[in-house]
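**Q** with the sequence up front, the predicted model follows.
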2 protein chains.
Amino acid sequence: MNRIYIEQLSKHIGKEVTLRGWLYIKRSSGKIKFVVMRDGTGLVQGVIAKSEKSDELFAKFEELTQESSFIMKGKVRKEDRAPGGCELDVSDIQIMQIAKDYPITPKDHGVEFLMDRRHLWLRSSRQHAILRVRHHIIKAIREFFDDGGFLLLDAPIFTPAACEGTTSLFETPYFDLGTAYLTQSGQLYGEAGAMAFGKVYVFGPTFRAEKSKTRRHLTEFWMVEPEVAFSDLDDNMDLAEEFLEYIVQSVLKHRMPELQTLERNTTFLSNVKRPLPRITYDEAVEILRKQGVTFEWGNDIGGTDETIVSEQFDRPVMIHRYPAETKAFYMKRDPKNPKLSLALDVLAPEGYGEIMGGSQREDDLDVLLQRIKENNLPQEAFEWYLDLRRYGSVPHSGFGLGVERTVSWICGLDHVRETIPFARMIYRLTP
Amino acid sequence: MNRIYIEQLSKHIGKEVTLRGWLYIKRSSGKIKFVVMRDGTGLVQGVIAKSEKSDELFAKFEELTQESSFIMKGKVRKEDRAPGGCELDVSDIQIMQIAKDYPITPKDHGVEFLMDRRHLWLRSSRQHAILRVRHHIIKAIREFFDDGGFLLLDAPIFTPAACEGTTSLFETPYFDLGTAYLTQSGQLYGEAGAMAFGKVYVFGPTFRAEKSKTRRHLTEFWMVEPEVAFSDLDDNMDLAEEFLEYIVQSVLKHRMPELQTLERNTTFLSNVKRPLPRITYDEAVEILRKQGVTFEWGNDIGGTDETIVSEQFDRPVMIHRYPAETKAFYMKRDPKNPKLSLALDVLAPEGYGEIMGGSQREDDLDVLLQRIKENNLPQEAFEWYLDLRRYGSVPHSGFGLGVERTVSWICGLDHVRETIPFARMIYRLTP
């Protein structure tokens, strides 16, 4: 298709073009009429001046309403003051459909009103900016792993058992096989992949039926989970910081116009360069106590405590070696202190909290068997996972990064609901 | 990480390297021992000859079993007869874990035996080849749309209503909101995206609870669905053939070694170049009747009939304008013959059947309302979708391509179960 889109207009200056799109806004200034069209790639102002056709064009101008669809022909003219550097001298307008009473007007609307009309809200420039950044983040994630020799390993969505507890699982009847649970994490499958391919990444939607109504919770969200064989916790932190730097710097390089639309202060983002600070859980606890927080060793670092710790740093901070009791059964214990897990969390700055979590995995069959028993997990369901320790076990590690929390942080948003085209939350299943 | 993987060895000839992996196979020839290691990126043969350390190395050689994990040091030597062009003169071996009785031996195993051990079967060279082709196909799909200016629009997995019928839906209780259904297609959401961004692609897992036990059915499978505003059926066919050519030629360019491992005859794949033949449903019926098939006009073209039609062509064939009765409510009728839908199916050659399906969508509000009534669909659930016809409706079209069927065809497989890391089928939910 040799169609011309608005974002390409600067390559067609002086030429007659045909554009297809929707009315963004229109206005009059004396005898000149201005028609701003959006076509999904950008905005351009069409100018209707007095001409032999202007009566007909003025009539069509009057007819057009916000979001009406139309085709506009005209000559592209350089105009440095215009957003894309071009304007169009309109020679013809063909109306496709007149939109009556488009519900999202330039005035302020409540969030629930907009979320109910998400299929239309997507047309606004703010949502365009966010979803373009989202797309770029996903592209950068895939580039990083593809270029690094990782195999994409799509983990199953339907799983026979829970990876971490059963209380927050969605479930569905599955033919004669009983119940299937929707995956919370592809990690266990990623581990099988790492033993087969050396390094893999799982990337897909994951599901949590948590009854949380916060600005950080969605019931379905996308997660990327690399897993590497012959990799310990230090290697894992090396990979995590290289990965995070790559994503953030790529967005800054390619999506600055979108960040400007969002009025994002990019100072903290520019700082996301290696090395990222690495502190132990013990050091994090020390920081909290110095800031006057009464914090008991052994508790998880959540919400406001995360913010207090991360505020001490000018870039994301990696916290490692957590109390084993707070962490999942598959995490390897620190050989120097068995009360600690070789776990890793990465906190984003500016109060955005945890965006990555990972660990070195337990690679000893007997220890893992014991952990499964301690956690009252059904050993039979994990036999295949135990096989990975029976047949060529190696030290291995990985982490997960939540896409929506990352988009929220990089875009500087208040809530994750705008980071995905159609958010699903405890009270929202539509549109 | 400056780790060296086997696939990079040809860049390190004459140098001492450390490799980490698993025993693929070992053998003796007189006083020389051969250790073939796999590390997920390839295979390399380590040679243990008589040396001051050879007693120790010979002892370790004896200990190693299939899939045992170990670290191997040595000097890289050019060896044109070896698969990667290199061998390793082994100077040290460090055993990590001895695998006892690895269940998948070089002898033949039944498919169910292997599917039950899918987490281990992934280590075999055939599965490596298939999943590398899968990865490349997914990469090529994203490249095609990213480079073409399409926005990635992740559609929701949880949907409040069915897109096409309710009999084959998986469902899950959803808090106080009743039941959520797992998506069968992101198309309707893609249409909202096309009106916002001009052109988008949805790419994610989709679900069908069909009780089909065939070589072409999975209960969860990945689908890519582009949707374009201001695009009619002809534009849609242009896009479909350009897309298919891009994917297939990209695999041929980059993944020939994998296709050779799979012993794939690539003649038909090489033919996948524009233009692809375009025939109407009526012409397809004529072909069937000429081939002696008793075929009633109005029926769907399925299974063996697909094969008969596609056998008349040396590349994929596009069939368009189907009887409206057999197609979905949202497809636009042919203005020249309202008994026909502006639908499109693409059949792969060599008996692989339908790999793409699409249509121009109904863009008239009143007609679409009537179709929803005729199909006894709940209008309320589609109000948001109808909004797309109320506010700036435009001609638009799109299609869906199933990833697993495409992998199966390109790799020349008998069954889709090997095209995805962990297949889910009516009788399989594990591992």
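**A** The structure has been received and is ready for your questions. Residues are numbered from 1 along each chain as shown, chains lettered A, B, ... in the order given.

**Q** could you use CA atoms for every contact and neighbour count after this?
**A** Noted.

**Q** please, where are all the helices along chain A?
**A** Ranges of helices in chain A, per DSSP state H, are A:54-63, A:111-116, A:118-121, A:125-147, A:187-197, A:233-254, A:256-261, A:267-270, A:281-290, A:303-310, A:365-374, A:383-390, A:403-411.

**Q** let me know which of those helices is tucked in deepest.
**A** helix A:187-197 (a mean of 27; mean count of other C-alpha atoms under 10 Å in any protein chain shown).

**Q** give the contact list for residue A:216.
**A** When contacts are counted by C-alpha atoms under 8 Å, 6 or more residues apart in numbering or on different chains, residue A:216 touches A:405, A:415, A:416.

**Q** and residue A:306, how far is that from chain B?
**A** 29 Å (C-alpha to the nearest C-alpha, to the nearest Å).

**Q** please name the bridge partners of the nearest residue in space to that residue that is not next to it in sequence.
**A** Distances taken as C-alpha to C-alpha, 6 or more residues apart in numbering or on different chains put residue A:353 closest to residue A:306, at 5.8 Å, once the chain neighbours are dropped. Beta-bridge partners for residue A:353, by DSSP bridges, are residue A:348.

**Q** so residue A:353 makes contact with residue A:318?
**A** No - judged on C-alpha atoms under 8 Å, residue A:353 makes no contact with residue A:318 at a distance of 11.3 Å.

**Q** got any residues that touch both of those two?
**A** Jointly contacting residue A:353 and residue A:318 under the rule C-alpha under 8 Å, 6+ apart are residue A:347.

**Q** follow-up on the earlier one: the helices of chain A: which one's closest to residue B:140?
**A** Among the helices of chain A, helix A:125-147 comes nearest to residue B:140, with 11.7 Å by C-alpha to C-alpha.

**Q** close to chain B, is that closest one?
**A** Yes - using C-alpha under 8 Å from any C-alpha of the partner chain, helix A:125-147 reaches chain B at A:128, A:131, A:132, A:135.

**Q** for the residue nearest to residue A:306, which residues are in contact?
**A** Contacts of residue A:353 by C-alpha under 8 Å, 6+ apart are A:303, A:306, A:307, A:310, A:347.

**Q** redo that, cut-off 10 Å
**A** A:216, A:302-310, A:316-317, A:345-347, A:405, A:409 (C-alpha atoms under 10 Å, 6 or more residues apart in numbering or on different chains).

**Q** can you give me the distance of it to chain B?
**A** For residue A:353, the distance to chain B - C-alpha to the nearest C-alpha - is 24 Å.

**Q** what of residue A:258?
**A** 14 Å.

**Q** my guess is that residue meets residue A:411, correct?
**A** Yes - using C-alpha atoms under 10 Å, residue A:258 is in contact with residue A:411, at 8.7 Å.

**Q** overlap in contacts, those two.
**A** With C-alpha under 10 Å, 6+ apart as the test, residue A:258 and residue A:411 both reach A:129, A:130, A:131, A:133, A:251, A:264.

**Q** ok, and the closest non-adjacent residue to the fourth one?
**A** Put plainly, it is residue A:133. In space, residue A:133 is closest to residue A:255, 6.5 Å off (C-alpha to C-alpha, 6+ apart).

**Q** nearest spatial neighbour of residue A:243, skipping sequence neighbours?
**A** residue A:144 (7.0 Å).

**Q** could I get the contacting residues of whichever residue of the stretch 51-200 of chain A sits closest to chain B?
**A** Nearest residue of the stretch 51-200 of chain A to chain B (C-alpha to the nearest C-alpha) works out as residue A:197 at 3.6 Å. Applying C-alpha under 10 Å, 6+ apart to residue A:197 gives the contacts A:149-153, A:190-191, A:227-229, B:21, B:38-42, B:122-124, B:128, B:132.

**Q** quick one: contacts of stretch A:178-185?
**A** A:155-166, A:168-174, A:202-209, A:220-225, A:400, B:170, B:172, B:429.

**Q** how about a cut-off of 7 Å?
**A** Stretch A:178-185 is contacted by residues A:157-161, A:169-174, A:206-208 when judged by C-alpha atoms under 7 Å, 6 or more residues apart in numbering or on different chains.

**Q** from those residues, keep the buried residues only.
**A** By neighbour count, with 16 or more other C-alpha atoms under 10 Å in any protein chain shown, the contacts of stretch A:178-185 hold A:157-161, A:169-172, A:174, A:206-208 as buried.

**Q** what about residue A:39, neighbour count?
**A** Residue A:39 has 26 neighbours, counted by other C-alpha atoms under 10 Å in any protein chain shown.

**Q** spatially, what comes nearest to it if we skip its sequence neighbours?
**A** residue A:21 (4.2 Å).

**Q** quick revisit: what about the residue nearest to residue A:306, distance to residue B:332?
**A** Relative to residue B:332, residue A:353 is positioned 48 Å away (C-alpha to C-alpha, to the nearest Å).

**Q** next: residue A:393.
**A** Going from residue A:393 to residue B:332 by C-alpha to C-alpha gives 56 Å.
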